[in-house]
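[1] Whatever this is, show me its structure:
(2 chains)
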2 protein chains.
Amino acid sequence: MSNPITFTIQKKLDGTLGRAGLLETPHGTIETPAFAAVGTKATVKAMTPEMLTGVGAQVVLANTYHLFLQPGDEIVARAGGLHSFMNWQGPMMTDSGGFQVFSLGAAYGKDISKITKETDPQLLLSEATNDPDNPKIATIDSDGVTFKSHLDGTSYYITPEKSIDIQHNLGADIIFAFDECTSPMEPIHYQREALDRTHRWAKRSLAHHKSKENSSRQALFGIVQGGRFENLRKESAEVLRDMDFDGYGIGGSFAKEDMTTAVAWVNAILPEDKPRHLLGIGEPEDLFAGVENGVDLFDCVAPTRAARNGTLYTKIGKLNLMNAKFVDDFTAIDEGCACYTCKNYTKAYLSHLFRAKEMLAGTLSSIHNLYFIINLVHSMRLAILDGGFAEFKKAFLDKYNEKTTI
Amino acid sequence: MSNPITFTIQKKLDGTLGRAGLLETPHGTIETPAFAAVGTKATVKAMTPEMLTGVGAQVVLANTYHLFLQPGDEIVARAGGLHSFMNWQGPMMTDSGGFQVFSLGAAYGKDISKITKETDPQLLLSEATNDPDNPKIATIDSDGVTFKSHLDGTSYYITPEKSIDIQHNLGADIIFAFDECTSPMEPIHYQREALDRTHRWAKRSLAHHKSKENSSRQALFGIVQGGRFENLRKESAEVLRDMDFDGYGIGGSFAKEDMTTAVAWVNAILPEDKPRHLLGIGEPEDLFAGVENGVDLFDCVAPTRAARNGTLYTKIGKLNLMNAKFVDDFTAIDEGCACYTCKNYTKAYLSHLFRAKEMLAGTLSSIHNLYFIINLVHSMRLAILDGGFAEFKKAFLDKYNEKTTI
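    Numbers count the residues shown, from 1 in each chain, chains lettered A, B, ... in the order given. A predicted model of the protein is given here:
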């Protein structure tokens, strides 16, 4: 049985875990490191597939949880899979649904996302989990997760096998093992329990995937967990390394200061010849840290979500288009940027579109932000291939951090 | 002083007032009859300029009233005019604001649009206008109109001169004289009073336009009014014919059965060698009637507004994408349609996007509906040029009227 993907390292970044490579998939080759556009519900919000190509997107990640609920994976399967359904002919991934189980389950209503700001005793979830006044949408047992749809309250039970079945129906080139994503604030006894469960689920995901006829067309990535604990992260990398995954995801909700160390622990152990995806991370400084520590793939909703809220990336930091001074600023969002939006529109026009609540505001802003982040990661790749990564990083971050918000 | 536009009739439709022509403007030539895409606030909602080109749009009409309020015509002027501001390099028009004065003034809250369904005594506006319990946003005097912004309640006073000044700041290729758009339900004494005012305003608009330095770059169209009354419509056409306008708009809110006769009365009188724009009309049967009766240009928000609500045009009538049966319909919106949406997406996908409230739903639907209507009017043009208009009309309407809504 041929491998669904092939990963080739082209060049390593001296003195680090970083590398540039080529990831061949059934729908084309991804030049890594690469940033995947997030198309949660089989659409990258406010953008056509042609716009994605225009901003340099090589790969789209869709969300299993959302598509299972709407329109349902059976509908997508009957449409011929995600590629055909959404008219994106390039490489695709689907996540496992594990993060949504976390964010809608244990962490529901706690405002926890992929990066938490600091340790807050209120967020100790082992307590919250059992709080009858604080009902959560999902409950986890050893076999799977029961959760209520955030759309209509219907109850569903997802097991590792079910997640794989859904992802086979969706038909992405790269799919992920079902995992439990824990909060960095969880105490070690819960992290241990959750990690053991994630490893059992990884094994079951892999076995079920291999038993299905489409496994030669879809690559399966295992997901490393373990929170902020070095021993658990390393153990997770070792356990998953020894399973026959095609690549690896690095999961978890991170405290900002923990992310880099956790990624470094893990990537020093994971097999060098397999691709690694850092799930849900997308701020510029985190992308640099990820690349230096051996990450090949990223995805994050931040660029497009921020765009729809009028927050745009520039080389000197983020700007908020609702700021009054942009109303008559007839320059581009980011001077010198080669994206469609910057080449054709001014801050004054974008500002007008946002104030007038016009849909084109979200489209033009998403084009810019996605171009900015995809191009940033692509520039890191080129800096690995051509040399000068450290200089590029310093020059970029020095300028970017001049102002946080313009 | 050179003329800003040149209109050439290429072929007449035998036995009717219809014709196919070429309208040259400073930003390119419009092949007529043509349907203008409406870009109310300097954006055709949910579409990029490239998408407009893709659906065959030749000309965009923006709204003076809306742009005056937001972002303000001075901002647009400083951006270099509408073409530069919104990145549309083809021909543009701006309306005069007269219809908004009507719809936000005398008709405010009365659910009156360009086509009224039937005579309803409740709609006799001469009564409603003086009803203290029913405050309206606008009041009209002989010199101009006082109205409150629907955005923030600020009061403004617009005169014919002010409308022309705003439209010069906006910089469209074709602009319109300030007029009063009346309801078809108004009694004749009010229609007479309003029409005399519209004619005085037309004269003032023209004089003010000619006094401005940019008048050689912008064509001014006068607007014929007169409600449903044959004598007033004919008088209006005669009065405006004798003024030196570059072309004519036919205005008014029409009772459906009156539109065709009103257009025929007017176009038999207006100078044959000048272009005529039927304002705000866009349903297929009305477009056929307009073309047969000598209309060269149309505009209407209907195709894009319906699209955003999930109502799509097809050769056999309109369909509503929220209908449950489309959830697993893997065929195109309109089989055989050559638009981007029909070539690449299914009803099932569009149905999913609408149910998931995804922005791409509005974009893909607007592309289809605008393509459908623009292409319909363009096909009428070809049928005039090549012969076979009557056969084309019968074949299209027979099929289109098979079902009203699918």
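[2] Which residues are in contact with A:S155?
    Contacts for A:S155 (C-beta atoms under 8 Å, 6 or more residues apart in numbering or on different chains) come out as A:T146, A:F147, A:K148, A:S149. All C-beta atoms are positioned from the backbone trio N, CA, C, and that covers glycine.
[3] what about the last one, how many neighbours?
    Counted with other C-beta atoms under 10 Å in any protein chain shown, the neighbours of A:S149 add up to 15.
[4] go on, the third one?
    Taking other C-beta under 10 Å as the criterion, the count of residues near A:K148 is 17.
[5] Same question for the second one.
    Neighbour count of A:F147, defined by other C-beta under 10 Å: 24.
[6] Wait, a helix at it?
    No. Judged by DSSP: H, G, I helix; E, B strand; the rest coil, A:F147 forms no part of a helix; its state is strand.
[7] For the closest residue to it other than its chain neighbours, give me the pLDDT.
    Closest residue in space to A:F147, ignoring its immediate chain neighbours: A:A138 at 3.7 Å, by C-beta to C-beta, 6 or more residues apart in numbering or on different chains. With respect to pLDDT, A:A138 scores 74.
[8] can you tell me how far A:A138 sits from chain B?
    A:A138 sits 21 Å away from chain B, going by C-beta to the nearest C-beta, to the nearest Å.
[9] Go ahead and confirm that residue touches A:S149.
    No. Counting by C-beta atoms under 8 Å, A:S149 is not a contact partner of A:A138; they are 10.7 Å apart.
[10] Tell me the one of the contacts of A:S155 nearest chain B?
    Chain B lies nearest to A:S149 out of the contacts of A:S155, by C-beta to the nearest C-beta, at 13.0 Å.
[11] Apart from its chain neighbours, what residue comes closest to the closest one?
    A:L69 (5.2 Å).
[12] What is the neighbour count of that neighbour?
    Neighbourhood size, A:L69 [other C-beta under 10 Å]: 20.
[13] Let's see the pLDDT reported for it.
    Turning to A:L69, the model gives it a pLDDT of 93.
[14] residues contacting it?
    For A:L69, the contacting residues are A:S149, A:H150, A:L151, A:Y156, by C-beta under 8 Å, 6+ apart.
[15] and the last one, what does it touch?
    What that stands for is A:Y156. Listed by C-beta under 8 Å, 6+ apart, the contact partners of A:Y156 are A:F68, A:L69, A:T146, A:F147, A:K148, A:S149.
[16] ok, now A:Y345?
    The neighbours of A:Y345, taking C-beta under 8 Å, 6+ apart as the test, are A:A332, A:I333, A:L364, B:N87.
[17] how near is it to B:R308?
    A:Y345 sits 22 Å away from B:R308, going by C-beta to C-beta, to the nearest Å.
[18] How about A:T260?
    Going from A:T260 to B:R308 by C-beta to C-beta gives 45 Å.
[19] Could I get the full set of strands for the stretch 251-400 of chain A?
    Assigned by DSSP state E, counting those that start in this stretch, the stretch 251-400 of chain A shows strands spanning A:254-255, A:276-278, A:297-299, A:311-314, A:317-320.
[20] how about these, which one is nearest B:D273?
    Closest to B:D273 of those, according to C-beta to C-beta: strand A:311-314, at 49.7 Å.
[21] partner strands of the closest one, parallel or antiparallel?
    Here strand A:311-314 is paired, per DSSP bridges, with strand A:317-320 (antiparallel).
[22] Can you give me the buried ones in the strand it pairs with?
    Neighbour-count burial for strand A:317-320, counted by 16 or more other C-beta atoms under 10 Å in any protein chain shown, picks out A:K318, A:L319.
[23] Write out the residues of the stretch 51-200 of chain A neighbouring chain B.
    Residues of the stretch 51-200 of chain A lying near chain B by C-beta under 8 Å from any C-beta of the partner chain: A:Q70, A:P71, A:I75, A:R78, A:A79, A:F85, A:M86, A:N87.
[24] Quick one: name whatever helix or strand follows the helix-or-strand element of chain A with minimal mean pLDDT.
    The helix or strand of chain A with the poorest confidence is helix A:125-128; it has a mean of 41 (mean pLDDT, DSSP states H and E). Next along the chain after helix A:125-128, taking DSSP states H and E as the criterion, comes strand A:138-140.
[25] So what's the residue count around the closest residue to chain B within the stretch 151-300 of chain A?
    Relative to chain B, the nearest point of the stretch 151-300 of chain A is A:L151 (9.2 Å; C-beta to the nearest C-beta). Residues lying near A:L151 (other C-beta under 10 Å) number 11.
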